[in-house]
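Peer 1: okay, sequence plus prediction incoming.
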Amino acid sequence: MKIQVAGPGCPRCQMTEKNVFNACAELTLAADISHVTDRKQIQDLGVWTTPAVIVDGKIVVSGRIPSVSELKKIFADAGKAA
Amino acid sequence: MDWGAYLVFLLQSGLGSLASYLAAHVLLCLLPAFFIAGGLSALVPKDAITRLLGRKASKFVAYPSAAMAGSVLAVCSCTIVPLFAGIYSKGAGLGPAITFLFFAPAGNILALAYTGVALGADFALARVVLSLTFGIGIGLIMALIFSRDDQAHAEAADTGYVGSEGLTARTVIFLVLMVGLLIFGTLQVRLFLNAYASFTLPIQGFDRVQDFLFRLVPFDANKGEEGVSVQGAILIGLLVLIGLAAWRGLGQVHEGYNRWTWASLGLIALTLLMAAARMEPKAHGLEVAIPGKTFGVLLTMAVLAYMARRYFEAYEIQQWLWETWRFVRQIFPLLVVGVFAVGIIRQLIRPEWVQAVAGANTIFGNLAGVVFGVFMYFPTLVEVPIAKMFLSLGMHPGPLIAYLMADPELSLQSILITASIIGRTKAWTYVAWVALFSMISGLLYGQWVDGASPMILLSYLTGFFVILTGCLYAIGRRQMAVLRAAEIEEVGRR
């Protein structure tokens, strides 16, 4: 599973990244996590509002900080679908 | 001249300006405003609004929602740039993007609340109305001028959002209640100001403290300066305590509530209540009067606390508090430094200079306001105390509005960022339009203040728009002609 966190490096984006890491750790999920900070790249991903979380190219969260429990649910569902 | 004494005088003046700002203005307006900003940032799902700005949105939906997005979403500077780029390249296009960019700095809740309390509700209202109309106006103009480019740029399909929720009723009610708190605290209405109860705290010596404070922070009421009252001093003390408690309590609230969280929330509630009451030091003790607004503040806070417990998840409330504290930490230090500097600068500027340049509502005066706004870069919200300083030094309200319109919209920094997204030609065209519109809004507002009849103003405005529409129509025609010529050429070649 490929997880991207998009955000220009603001405190909210760092918190989102931390929550993503925690969610993956709690699920013992082996995911490829990256943080996209380049504005052009964020735009190409189709993200308007940061922070955003993108799972396998799909924007699942945008413009807010998701909680660990919400992320766990999203990742678990995405894992089942794949 | 004794330079040492002069330096002390300047420092005193800076501190005085800071102290009276903290005591008088900040509390009942900025404290709730920061909480609202935090709530907008943490609780409002952004895609609820950005969905209205998609490629297929009609003009009548896109422009107003762009303005709304500006005031609701743009409280955090790190959301502005991607959102602007998003609207421009993937969404409704150049026009709405410009409207968003123009309205965001003037229309957000922090700027409005602060303008309203520091300069007066009429300035705040003028700022909203003017920047809304002109924001949409400039957006439309830009879309027209660059209509060809706009059609050309990427018509990429929207990436589908997975599972997005709309704005829920509880969030709306919660935010409206906080706006209510802000209004209760600041609105100068009889019902809120009448004292319904009063008592005297039998502690002696407050009158001497008051005398001491007035000597410590000298002020000149004629220049629009304010001294620090005993109540103000108490409130400043409470603010410092809140700051200390919130550092641990709100800064780390995302890890869960701790003792400091409750301490800081309790202190904030106490401060708001104290600020709403009226205290007067007398020889026999401190006289405390409880006006109507104290009850209003108490009631709204109680309902807010109930709602937070009953209808929101702990995680959401923690996010809200964390975002609020983040705004405070980001903006408040700048504001403190800014206000302090303004206090010093005001002693160095002679009122005659300001009056000579912008004392009357002339084209030159308004132009000076705009130029000052563009070339001086002030951090968020610091434009407000600066505007207040100019007002008290004798600047005419017209040029002041011109300055207030131009300063947040145009700074070298924002021009450069904008240019990197939409290109240099478009960015500078935008700058020219903003300068022109700011000047005109200054002139019109100045006339309004000077007592010109609404009919005359309306006819000026209509005349201006007729000329503008004429020019734009001509440009549009010429572009169409160029397009058609190109088409004919193409057909001819075949």
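Peer 2: Arrived safely.

Peer 1: how many neighbours does B:Phe100 have?
Peer 2: 32 (other CB atoms under 10 Å in any protein chain shown). Glycine gets a C-beta too; all of them are placed from N, C-alpha and C.

Peer 1: and if you look at the one 3 residues further on?
Peer 2: A total of 26 residues lie near B:Phe103 under the criterion other CB under 10 Å.

Peer 1: doesn't B:Val72 make contact with it?
Peer 2: No - at 10.5 Å, B:Phe103 does not count as touching B:Val72 under the criterion of CB atoms under 8 Å.

Peer 1: for A:Asp32, name its beta-bridge partners.
Peer 2: Beta-bridge pairing of A:Asp32 under DSSP bridges involves A:Lys2.

Peer 1: give me the number of residues near it?
Peer 2: A:Asp32 has 9 nearby residues by other CB under 10 Å.

Peer 1: hmm, the lengthiest helix in chain A touching chain B?
Peer 2: The residue-count maximum for a helix in chain A (DSSP state H) belongs to helix A:11-27. Yes - applying CB under 8 Å from any CB of the partner chain, one finds helix A:11-27 touching chain B at A:Pro11, A:Arg12, A:Cys13, A:Met15.

Peer 1: check which residues of that helix are buried.
Peer 2: Using 16 or more other CB atoms under 10 Å in any protein chain shown as the burial criterion, the residues of helix A:11-27 that qualify are A:Pro11, A:Arg12, A:Cys13, A:Met15, A:Thr16, A:Glu17, A:Asn19, A:Val20, A:Phe21, A:Ala23, A:Cys24.

Peer 1: distance from the chain centre to it, please.
Peer 2: 8 Å (CA atoms, centre = their mean, to the nearest Å).

Peer 1: can you dump the C-alpha atoms of it in CSV for me?
Peer 2: Coordinates of each C-alpha in helix A:11-27 appear next as CSV, following Å, rounded to 0.1, in the frame of the first residue of the first chain:
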residue,chain,number,x,y,z
PRO,A,11,2.6,22.0,12.0
ARG,A,12,-0.7,20.5,11.0
CYS,A,13,0.9,18.4,8.2
GLN,A,14,3.5,17.1,10.6
MET,A,15,0.8,16.1,13.0
THR,A,16,-1.0,14.3,10.2
GLU,A,17,2.1,12.4,9.3
LYS,A,18,2.6,11.4,12.9
ASN,A,19,-0.9,10.1,13.0
VAL,A,20,-0.4,8.1,9.8
PHE,A,21,2.7,6.5,11.2
ASN,A,22,0.9,5.7,14.5
ALA,A,23,-2.0,4.2,12.6
CYS,A,24,0.2,2.0,10.5
ALA,A,25,2.2,0.9,13.6
GLU,A,26,-1.0,-0.1,15.4
LEU,A,27,-2.2,-2.1,12.4
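
Peer 1: report the rounded mean pLDDT for it.
Peer 2: In this model, helix A:11-27 has an average pLDDT of 89.

Peer 1: if you count contacts, what does that helix end up packed against?
Peer 2: Helices and strands touching helix A:11-27, by 3 or more CB pairs under 8 Å, 6 or more residues apart in numbering or on different chains; DSSP states H and E, are strand A:2-6, strand A:32-36, helix A:68-81, helix B:314-348.

Peer 1: would the longest one count as contacting chain A?
Peer 2: What that stands for is helix B:314-348. Yes - under the criterion of CB under 8 Å from any CB, chain A is reached by helix B:314-348 at B:Tyr315, B:Gln319, B:Glu323, B:Arg326.

Peer 1: this completes my enquiry, with thanks.
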